[in-house]
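Enquirer: Kindly generate the corresponding structure for this input.
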Amino acid sequence: MSSLLIANCSPTGSRVALMEEGRLAELFIEQPARDIRVGNIYKGRVTNVVPGMECAFVDIGGSKDLFLPLSDINHETPEESVSELERSPSTRRSSSGVSIQELVKPGDEVLVQISKEPMGTKGPRGTTFLTLPGRYLVLMPETDHIGVSRRLSDPVDVARLQEIIMGIRPPGMGVIIRTVTLNRSKQELESDLKFLMNLWSSIQKQAKESPTPSMVYEVSSLLLKVVRDLLGPETENFLIDSKEEYERVLNYCKFLPEQLIERIQYAQGNPFQEYGVEQEIHRAKSERVSLPSGGYIIIQETEALVSIDVNTGSYTGNDELESTVYNTNLEAASEIARQLRLRNLGGIVVVDFIDMLEMEHRDAVSDKLSQGFQGDKTRIRILPISEFGTLQLTRQRIGPSLSSILFNRCPYCRGRGKVNSKEFMCSRIYREIRSQCLSRPSPQKVQATCHPTLASVLLERDEEKFKELEEETNTKIYIRGDSKFHYEQFVVS
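Expert: Below is the predicted model:
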C-alpha cells in the first residue's frame with residue numbers, strides 16, 4: 001500500500017501525518033515538554049521492592065518512580081542465555097522461577113529503559129532488557145537472542161538474513177531483524193550494526209560518568225525516527241514544511257538509497273491543511289464517528305478499556321434487516337481498525353456490533369476488522385464475535401493516546417463529562433440557605449452568590465419558598481448572580 005508522509009514543524013514541536021489511500025492513518029506528535037518517552041534509558045536507583053506484586057520501583061528523576069515488574073528484569077548470565085529464533089525473551093523470563101528479592105534490593109543502581117510512558121495516575125513502566133533500534137536491525141546488548149519480524153514470512157529470505165546475522169553479531173548480544181531488512185546486503189547490515197554498537201558504547205560510558213538518577217540516552221527526534229521506521233519503497237513522498245528541518249533530515253539520511261532521498265521534499269505553505277490533516281485531527285477529537293452509509297460508531301475511553309458501540313443511525317438499507325445490519329457492521333469494522341490506529345488506543349477493546357443472526361456474517365465482519373489492521377505495526381489479538389454481538393481485542397499500548405495529548409482532564413467535572421442539573425444545584429443552595437437561617441440568631445441577613453442561570457431560577461421559580469423561609473426565621477434573604485462563578489460553585493454568607 002502506497003503512503004504519504006507529511007511533517008508540520010514549529011517551535012512548539014513537530015507533527016507527522018501518515019496518509020494511506022488519501023486518508024489519515026496515523027498521527028505522530030512530538031512534545032518537547034514531555035521528557036519521559038518510550039525508548040529513553042535512565043540510570044536509576046531502586047527505592048522499593050514489593051514481593052507481593054513481584055515488582056520494584058525505581059527513581060529515575062521524574063515526579064513518579066518507574067514501575068519495574070519481575071518479568072522485565074534481565075537476570076540471565078551468559079551461560080544461562082540461549083540463542084533461539086522461535087522463543088521470545090518474555091517466554092524465557094516467565095519460566096525462571098526467580099523471586100524479585102534475589103534480583104534487586106533498595107539502593108541498587110540499575111539501567112532501565114522506558115517501555116510505557118506515564119498514563120493518568122500511573123508512573124512510567126520500564127525494563128532492563130535494553131533495545132537500540134537502527135535502520136535495519138535492533139540491537140539487544142544484554143540479551144543473547146535472535147528475533148525476526150513477523151512480517152518477514154518467506155523462509156528463504158528469513159534463512160538468508162539469519163545466516164548473515166549469526167556471522168556478524170557480537171557474542172552474547174541479541175539482534176532483531178526488522179521488516180525493512182529484506183533485500184539488504186551484508187555490508188548494509190554490518191554498517192547498521194556497527195553504528196548501534198558504537199551507540200551502546202557511548203551509553204555505557206555516559207552511565208559510568210553520570211550521577212544517579214539521570215538520563216543516559218534519549219530517543220531521536222520525531223522526524224529522524226520517521227525516516228528510520230517509516231520511509232520506505234512504498235512511500236510516495238515525505239513532505240516537510242520547515243526548510244531547517246528539511247536540511248537536517250537530508251543530512252541524517254546520507255545512508256539511504258538515492259531513490260528514497262529524492263522523495264524527501266521541502267513543502268512550502270501548509271501541507272497539513274492542503275491534505276485535510278487538520279480536519280481529520282478535529283474529527284478524531286469526537287466520540288462519534290460517522291460511517292459512509294449513515295450509520296455511526298461511538299468510541300469511549302475508560303481507565304480499564306476502550307468501549308466501541310456500532311449504530312445504524314439514519315441508514316435504513318434497501319433490503320431486509322439482516323442485510324442492513326451486516327452492511328453497517330462491515331463499514332464499522334474498517335473504520336474501527338482505522339480509528340484505533342489513528343487515536344493510538346491500546347489495551348482491551350470491546351466492540352458492540354449490531355446483532356447478526358447468520359454466522360457467516362459474523363465471520364465476514366471479523367475478517368474485515370482483521371484486514372483493517374494490516375498496516376498497523378502494533379501487536380493485535382482478535383477474538384471471535386460472541387453470540388451477544390460483542391467482539392474483544394487487545395492492541396499493544398505504545399506511547400500516549402491521541403486524546404491524552406490533545407486534551408486535559410476537565411478541572412470542573414474531573415473527568416465525569418457531566419455537571420449537576422439545575423434542579424439539584426438549586427435544591428442544594430436552598431438547603432444551605434435554610435441551614436444558615438436556622439443556625440443564626442435573628443434578625444439577620446443571608447446572601448447566596450452563584451452562577452446567573454441558577455440565580456434566575458432561585459429568584460423566579462422558588463420565590464414563594466424563600467418568602468416563607470424569611471417569615472419563619474425573621475431573616476432577609478438575598479440571591480446574587482455572578483458570571484465568574486462556575487455552574488457548580490456557590491457561596492452562602
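
Enquirer: Give me the distance between I299 and V351.
Expert: As judged by C-beta to C-beta, to the nearest Å, I299 and V351 stand 10 Å apart. Backbone N, C-alpha and C define where each C-beta goes, glycine included.

Enquirer: any shared contact partners between the two?
Expert: I308 (C-beta atoms under 8 Å, 6 or more residues apart in numbering).

Enquirer: Of these two, which one has the most company?
Expert: Comparing I299 with V351 by neighbour count (other C-beta atoms under 10 Å), the higher total belongs to V351, at 25 against 22.

Enquirer: How about the contacts made by the more buried one?
Expert: Contacts of V351 by C-beta under 8 Å, 6+ apart are 308, 310, 332, 336, 369, 390-393.

Enquirer: What subset of these is buried?
Expert: Taking 16 or more other C-beta atoms under 10 Å as the criterion, what is buried in those is 308, 310, 332, 336, 369, 391, 393.

Enquirer: Between the residues you listed, which sits nearest S202?
Expert: L393 (40.1 Å; C-beta to C-beta).

Enquirer: one step back: format the buried ones among the contacts of V351 as CSV; extra columns: pLDDT.
Expert: Shown next, in CSV, are these (pLDDT from 0 to 100):
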residue, pLDDT
I308, 96
V310, 94
A332, 94
I336, 96
L369, 95
L391, 94
L393, 95
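
Enquirer: how about the contacts of V351, which pair is most distant?
Expert: Counting by C-beta to C-beta, the most remote pair of the contacts of V351 is A332 and Q392, 15.5 Å apart.

Enquirer: Report back the residue of this protein that's furthest from centre.
Expert: P443 (60.7 Å; C-alpha atoms, centre = their mean).

Enquirer: Grab the nearest non-local neighbour of that residue.
Expert: Excluding its sequence neighbours, the residue lying closest to P443 (C-beta to C-beta, 6 or more residues apart in numbering) is N474, at 5.0 Å.

Enquirer: The one you found: neighbour count?
Expert: 11.

Enquirer: wait, it sits on S442?
Expert: Yes: between N474 and S442 there is a contact at 3.7 Å, judged by C-beta atoms under 8 Å.

Enquirer: Can you tell me which of the buried ones among the contacts of V351 end up in strands?
Expert: Assignment to strands by DSSP state E places the following of the buried ones among the contacts of V351 there: 308, 310, 391, 393.

Enquirer: of the residues you listed, closest to E258?
Expert: Proximity of these to E258 (C-beta to C-beta) peaks at L393, which lies at 41.1 Å.

Enquirer: Contact partners for that closest one?
Expert: 348-349, 351, 369, 380-383.

Enquirer: Now, those residues that are in strands?
Expert: 348-349, 351, 380-382.

Enquirer: Could I have the buried ones of those residues as ChimeraX selection syntax?
Expert: Command for ChimeraX that selects the buried part of the ones in strands among the contacts of L393, burial taken from 16+ other C-beta under 10 Å:
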select :349,351,380,382
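
Enquirer: Roughly how far does the nearest residue to R343 once chain neighbours are set aside sit from I146?
Expert: Using C-beta to C-beta, 6+ apart and skipping residues adjacent in sequence, the residue nearest R343 is L402, 4.5 Å away. Noted for L402: a distance of 35 Å to I146, by C-beta to C-beta.

Enquirer: do the same with L340
Expert: The spacing between L340 and I146, counted by C-beta to C-beta, is 31 Å.

Enquirer: which of the two has more neighbours?
Expert: More crowded of L340 and I146, by other C-beta under 10 Å: L340, with 25 against 20.

Enquirer: How about V289: what's its closest non-neighbour residue?
Expert: Using C-beta to C-beta, 6+ apart, the closest residue to V289 is I297 (5.0 Å).

Enquirer: Identify each buried residue in the helix or strand hosting the one you found, please.
Expert: Assessed by DSSP states H and E, I297 sits inside strand 296-301. Buried residues in strand 296-301, counted by 16+ other C-beta under 10 Å: 296-297, 299, 301.

Enquirer: just the angle between it and strand 347-352, please?
Expert: Put simply, strand 296-301 runs at 150 degrees to strand 347-352, going by axes from the mean of the first three to the mean of the last three C-alpha atoms, to 10 degrees.

Enquirer: any idea of the mean pLDDT in whichever strand or helix holds S435?
Expert: Using DSSP H and E, S435 sits within helix 422-439. On average, the pLDDT along helix 422-439 is 91.
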